[in-house]
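>>> Any chance you can model this:
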Amino acid sequence: MKKVLLAALLVLAVCSAAFAGVKTKVGLITMDQMDVHWVRLQQAAQARVDELNAAGNQIDMVWLAPETKDNQQQIEKIQNAVADGVNYIIIACNDGTSANRALQEAIDADIKIIYVDAPATLKASATYATDNFAGGKQIGEYLAKLFERDGVTEGTIGIVDAQAGVQSCQDRYDGFASVFKDTKFVMGERQYSDGDNSKAQELANTLINNGVVAIYGTNDGATNGSAAAVKDAINNGQKIYCVGWDKSDSNIAHVESGELLAFAAQNPQVMGRMAIDAVVELESGKDLNGVVVDTGVSTVTAENVAEFK
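Numbering: from 1, shown residues only. Okay, the predicted model is just below:
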């Protein structure tokens, strides 16, 4: 995974000195505005725009995120971007198909599509994203090792998800569940928190009361809320394992205090920067041939959490 990141950063360094004289307009459409993952991606993309503009380019980027993860709202943002006259849409799709018609209409209007984090099934100019199935499997394998270490051989694993239909979360669930396929561990029914910390905590409390041995959160809010519930359970003398997804100050703090045993850290900054560089490469006449770049996942635990602060 380090090799993937080093290669990505090398590309960024090489590209930094190469772009000049580009004038274009970009719409960045993420799944929502509140998740720190999207904030970091947007900030990195904007920082790259600022660097390129300082070098003689004229790139106008607007962030068009829905307030919450909602397919129809995201479709409206695509339509708004088209009406606003963008030349490129950088998008993290809620699911694999819901936005395809709107995206095709954008393509028909000579707008190029670049996926970040979560692609649709419609072919795009380039994709910069996490392999969510592999990341989910990676976290599942870490939890399985903890079970083996502690002699835990069976039980129900509670799932606190973000929202039904979000393909990235589906892949994270599938990868995680694949680790326990031929074991005595059972995946509980997926509980949907809409990525909201408070709702996730309530759902996790119910799962704990129902006797789960562990909880898996599929995004930042789901993980943060689950870890808060597990912290209360630990303080009451219970033993609950908790793992999940996404780097945030809250999840880092949960790892440091012990209730969250591990989370998968993505690289939204790499996604944002590489997507903007892709815009400039495309604008300069380069054909990216639908390239798909895995931007990597790291497992953050008590042993290495200081590296991610």
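>>> drop to CA atoms for contacts and neighbour counts, all remaining ones
OK.
>>> what's N53 in contact with, if anything?
Listed by C-alpha atoms under 8 Å, 6 or more residues apart in numbering, the contact set of N53 reads I59.
>>> Make sure it is indeed in a strand.
No - remark: N53 does not belong to a strand; assigned using DSSP: H, G, I helix; E, B strand; the rest coil, it is helix.
>>> Which secondary structure element is home to I157?
Using DSSP states H and E, I157 falls within strand 154-161.
>>> actually G56, not the one I wrote
Following DSSP H and E, there is no helix or strand that holds G56.
>>> One more: I78?
helix 71-83.
>>> Just the C-alpha atoms of the strand holding I157, please, in PDB.
The C-alpha trace of strand 154-161 is given here as PDB (Å, rounded to 0.1, in the frame of the first residue of the first chain):
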ATOM      1  CA  GLU A 154     -18.300 -17.400  17.700                       C
ATOM      2  CA  GLY A 155     -20.900 -14.700  18.100                       C
ATOM      3  CA  THR A 156     -22.900 -12.100  16.200                       C
ATOM      4  CA  ILE A 157     -21.000  -9.100  14.800                       C
ATOM      5  CA  GLY A 158     -23.200  -6.000  14.700                       C
ATOM      6  CA  ILE A 159     -23.100  -3.800  11.600                       C
ATOM      7  CA  VAL A 160     -23.700  -0.100  11.800                       C
ATOM      8  CA  ASP A 161     -23.900   1.100   8.200                       C
END
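>>> for it, packing partners?
Packing contacts for strand 154-161, counted by 3 or more C-alpha pairs under 8 Å, 6 or more residues apart in numbering; DSSP states H and E, involve strand 184-192, helix 197-209, strand 214-217, helix 220-235.
>>> Show me the contact partners of the third one.
Just to be clear, that refers to strand 214-217. The contact list for strand 214-217, computed with C-alpha under 8 Å, 6+ apart, reads 156-161, 204, 223-224, 226, 240-245.
>>> ok, back up a step: make a markdown table from the helices and strands packed on strand 154-161 and add mean neighbour count, distance to A275 and mean pLDDT to it.
Shown next, in a markdown table, are the helices and strands packed on strand 154-161 (neighbours: other C-alpha atoms under 10 Å; distance: least, C-alpha to C-alpha, whole Å; pLDDT from 0 to 100):
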| stretch | mean neighbour count | distance to A275 | mean pLDDT |
| --- | --- | --- | --- |
| strand 184-192 | 17 | 30 | 97 |
| helix 197-209 | 20 | 29 | 97 |
| strand 214-217 | 29 | 27 | 98 |
| helix 220-235 | 25 | 22 | 97 |
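>>> where does the protein dip in pLDDT?
1-20 (pLDDT under 70).
>>> quick one, helices of it?
With DSSP state H applied, the chain shows helices at 2-16, 36-54, 71-83, 100-108, 132-150, 167-179, 197-209, 220-235, 249-257, 268-283, listed in chain order.
>>> among those helices, which is the most enclosed?
Each of the helices of the chain was assessed for mean neighbour count using mean count of other C-alpha atoms under 10 Å. The highest is helix 220-235, with a mean of 25.
>>> Now do it: distance to the chain's middle.
Distance, stretch centre to chain centre, for helix 220-235: 20 Å (C-alpha atoms, centre = their mean, to the nearest Å).
>>> now do stretch 21-33
Here stretch 21-33 is found 18 Å from its chain centre; the criterion is C-alpha atoms, centre = their mean.
>>> Next up, the contacts around the closest residue to V297 other than its chain neighbours.
Distances taken as C-alpha to C-alpha, 6 or more residues apart in numbering put Q266 closest to V297, at 4.9 Å, once the chain neighbours are dropped. Shown in contact with Q266 (C-alpha under 8 Å, 6+ apart): T130, D246, K247, T295, G296, V297, S298.
>>> Pick the one among the contacts of strand 214-217 closest to A55.
W245 (36.1 Å; C-alpha to C-alpha).
>>> beta partners of the closest one?
Beta bridges link W245 to A264, judged by DSSP bridges.
>>> Distance check, it against A265.
W245 sits 7 Å away from A265, going by C-alpha to C-alpha, to the nearest Å.
>>> Same check on I252?
Counting by C-alpha to C-alpha - I252 and A265 are separated by 10 Å.
>>> Kindly indicate which of the contacts of strand 214-217 lies nearest A124.
W245 (26.2 Å).
>>> The closest one: neighbouring residues, count only.
W245: 28 surrounding residues under other C-alpha atoms under 10 Å.
>>> That one: what's it in contact with?
W245 neighbours (C-alpha under 8 Å, 6+ apart): G217, T218, N219, D220, T223, F263, A264, A265.
>>> I figured the last one was touching V305, is that so?
No - the pair A265 and V305 does not pass the contact test of C-alpha atoms under 8 Å, sitting 10.3 Å apart.
>>> Between those two, point out the one with more neighbours.
Between A265 and V305, counted using other C-alpha under 10 Å, the more crowded position is A265 (21 against 17).
>>> Looking at the contacts of Q266, state which has the most neighbours.
For those, the largest number of neighbours (other C-alpha under 10 Å) sits with D246, at 29 neighbours.
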